[in-house]
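[1] need coordinates for the below:
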Amino acid sequence: MKRERLLNAVEFRPTDRLPVSGTTGTIAAIQRITGRQDYLTNAKEVFTQAMKAWDVDVLLQFVLPDRQDGRIGPGAQVNVAAGLRSGTSRLINAWFEKGRCQSPEEFRDFCLSLPSAADAAKGVDVGQAATRWLELNQWGDFLRPIVWIPGHLCGTVPWMWYSAVGYENYLMAHALYPEALEHLFAFCGAESEAINCGIARAIREHKLPPLVYSGEDICGNDGPMVSPQLLRDTYFPHLKRAVAPLIEAGVHWLWHTDGNILPILPDLLACGIDGFQGFEEDKGMDMLRLAGTPCRNGKLPFLCGSVNVTTTFYQTSAAVRADVQRMVNLARQRNGGIILSPSSSILEDVPVENVLAFYDAAVKPNGPERHG
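    The predicted structure follows:
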């Protein structure tokens with residue numbers, strides 16, 4: 001029932017109510033809904049009990065409020081590094097161990113040190129990637145009937161290298177050495193294309209949920225950190241190549257967005273991405289404009305959102321319920337395509353009553369969407 005509800009919403013078919021995505025909650029709210037006080041010593045069990053008590057339909061990743069997931073989450077039991085992680089990260093770590101990548105020029109040299117894109121797939125075992133994806137799905141058995149979608153583990157083209165080399169070095173390298181950056185993105189794109197071939201195989205052969213969740217933080221509040229044209233020249237052709245095996249297999253791609261992605265929305269849609277999550281409307285992101293922009297297949301994108309965690313969740317329970325109703329109304333206007341969710345992780349200082357109000361309002365029957 002939960003899988004059917006989720007996929008019906010994503011594919012703009014009638015549902016009994018909108019599917020609800022679980023998120024971190026707060027420890028206080030989790031303990032309130034479960035009636036337990038032992039979250040800190042039994043985090044996985046108590047968190048799961050809370051998600052089931054709240055009747056959520058999907059978990060897009062396994063993130064606990066105090067990040068205990070680092071030692072009890074999927075990465076602790078499934079060796080994602082062997083099959084799903086890009087080899088590029090290992091290569092740049094080797095440069096850092098030698099004290100390099102401390103300037104735009106050193107980052108340029110790292111990019112140019114990579115093999116050609118034609119050689120990238122040689123380091124990927126497609127069968128191993130398929131096995132890892134199946135293992136991740138099996139790891140989530142304890143969450144059933146909630147649909148478990150591993151987050152940020154499918155093959156994308158990493159853009160957030162600023163977290164490794166610093167914003168100044170990274171953005172200056174874009175301006176000074178775009179050919180070197182494209183060499184990096186081309187290598188990553190070919191590598192991720194091979195990884196996604198394995199994931200597509202696992203989804204197809206084992207009838208796993210045809211949905212992946214990933215994304216890159218490319219934008220700030222004012223739009224992309226570099227010019228859209230530079231991204232079109234150096235980045236998006238390789239992202240399109242990377243996601244192609246999943247899109248061609250009929251798998252939906254939910255792209256996590258931070259900041260204002262509207263200047264590059266046509267480029268993301270042209271890659272085949274058909275869903276978006278994470279709308280910072282208080283920072284200027286126009287979710288309604290995005291909601292009305294067709295994908296390359298002519299359908300509207302599906303959305304996962306969007307009760308704002310930095311504004312609405314700090315207001316009143318009535319405001320939270322009103323924002324849930326806003327999304328229900330939007331689904332009716334669009335004939336579907338909405339997964340109810342907070343805009344991001346709920347922070348620990350959010351009032352418990354507001355967390356409870358969100359889940360209570362979200363799972364109430366809201367009637368089938370109108371289909372013309």
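[2] make it CA atoms for all contacts and neighbour counts henceforth
    OK.
[3] scan the helices and strands of this structure for the one with the lowest mean pLDDT.
    Taking mean pLDDT, DSSP states H and E as the measure, the helices and strands of the chain show their lowest mean at helix 87-97, namely a mean of 80.
[4] how far away is the residue lying closest to residue 106 once chain neighbours are set aside from residue 172?
    Leaving aside its sequence neighbours, residue 106 sits nearest to residue 100 (CA to CA, 6 or more residues apart in numbering; 6.3 Å). According to CA to CA, to the nearest Å, residue 100 and residue 172 sit 16 Å apart.
[5] ok, residue 231 next?
    Residue 231 sits 14 Å away from residue 172, taking CA to CA as the criterion.
[6] residue 51 now?
    The gap separating residue 51 from residue 172 is 44 Å, by CA to CA.
[7] more neighbours: which of the two?
    Higher neighbour count among residue 51 and residue 172: residue 51, with 24 against 16, using other CA atoms under 10 Å.
[8] pretty sure the more buried one contacts residue 21?
    No: look at residue 51 against residue 21 with CA atoms under 8 Å: they stay out of range, at 9.4 Å.
[9] how many residues are close by the residue nearest to residue 193 when sequence neighbours are not counted?
    Excluding the flanking residues, the one nearest residue 193 by CA to CA, 6+ apart is residue 242, at 4.0 Å. When neighbours are defined as other CA under 10 Å, residue 242 has 27 of them.
[10] I figured residue 242 hits residue 192, correct?
    Yes: here residue 242 lies in contact with residue 192, judged by CA under 8 Å, at a distance of 5.2 Å.
[11] returning to that earlier point: show me what the least confident helix or strand of the chain is in contact with.
    Where contact means CA atoms under 8 Å, 6 or more residues apart in numbering, the residues beyond helix 87-97 that reach it are 101, 110, 123, 188.
[12] may I see the buried residues of it?
    87, 88, 92 (16 or more other CA atoms under 10 Å).
[13] what's the spacing between the last one and residue 305?
    In this view, residue 92 and residue 305 are 35 Å apart by CA to CA.
[14] let me know the outermost residue of the protein.
    Within the chain, the residue lying farthest from the chain centre (CA atoms, centre = their mean) is residue 98, at 32.7 Å.
[15] quick one, phi psi at it?
    With angles defined as degrees, to the nearest 10, residue 98 sits at phi -100, psi 10.
[16] could you do residue 219 as well?
    The phi and psi values for residue 219, taken as degrees, to the nearest 10, are phi -120, psi 150.
[17] show me what contacts it?
    Shown in contact with residue 219 (CA under 8 Å, 6+ apart): 225, 258, 259, 260, 261.
[18] do I have it right that the first one meets residue 218?
    Pointing back at residue 225 there. Yes: in this structure, residue 225 is within contact of residue 218 by CA under 8 Å, at 6.3 Å.
[19] the more surrounded of those two?
    Between residue 225 and residue 218, residue 218 has the larger neighbour count (other CA under 10 Å), namely 19 against 14.
[20] domain map for the chain?
    Per automatic domain parsing, the structural domains of the chain span 1-66+274-372, 73-142+153-210+220-252+259-271.
[21] how far does the last one sit from its chain's centre?
    In this case it means domain 73-142+153-210+220-252+259-271. Chain-centre distance of domain 73-142+153-210+220-252+259-271: 13 Å, with CA atoms, centre = their mean, to the nearest Å.
[22] end to end, how far does that domain reach?
    Domain 73-142+153-210+220-252+259-271: ends 31 Å apart by CA to CA.
[23] outside of the helix or strand where residue 332 lies, which residues touch it?
    Assessed by DSSP states H and E, residue 332 sits inside helix 317-334. If you take CA under 8 Å, 6+ apart as the criterion, helix 317-334 is touched by 18, 305-307, 312-313, 337-338, 340, 353-354, 357-358, 361-362, 366, 369-370.
[24] among those, which ones are in helices?
    The members of the contacts of helix 317-334 that map onto helices under DSSP state H are 353, 354, 357, 358, 361, 362.
[25] out of the residues you listed, who has the most neighbours?
    Result: residue 362 is most packed of the ones in helices among the contacts of helix 317-334 (other CA under 10 Å), 28 neighbours.
[26] if I look at that one, what pLDDT would I see?
    If you check residue 362, the pLDDT there is 95.
[27] surely it touches residue 342?
    No: if you go by CA under 8 Å, residue 362 and residue 342 don't touch, sitting 10.4 Å apart.
[28] so which of the contacts of residue 219 sit within helices?
    Among the contacts of residue 219, DSSP H puts none in helices.
[29] pLDDT below threshold where in the stretch 201-350 of the chain?
    Within the stretch 201-350 of the chain, the set of residues satisfying pLDDT under 70 is empty.
[30] all the helices of it, residue numbers only.
    Counting by DSSP state H, counting those that start in this stretch, the stretch 201-350 of the chain has helices at residues 228-234, 236-248, 265-270, 287-291, 317-334.
[31] most tightly surrounded among those helices?
    Highest mean neighbour count of the helices of the stretch 201-350 of the chain: helix 236-248, a mean of 22 (counted as mean count of other CA atoms under 10 Å).
[32] export that helix as CSV, just CAs?
    The C-alpha coordinates for helix 236-248 follow below in CSV (Å, rounded to 0.1, in the frame of the first residue of the first chain):
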residue,chain,number,x,y,z
PHE,A,236,25.6,19.3,-17.5
PRO,A,237,26.6,17.2,-20.5
HIS,A,238,28.4,14.8,-18.1
LEU,A,239,25.6,14.8,-15.6
LYS,A,240,23.2,13.8,-18.4
ARG,A,241,25.4,11.0,-19.3
ALA,A,242,25.7,9.8,-15.7
VAL,A,243,21.9,9.7,-15.0
ALA,A,244,21.0,8.2,-18.4
PRO,A,245,21.0,4.5,-17.5
LEU,A,246,18.5,5.1,-14.7
ILE,A,247,16.2,7.5,-16.7
GLU,A,248,16.2,5.1,-19.6
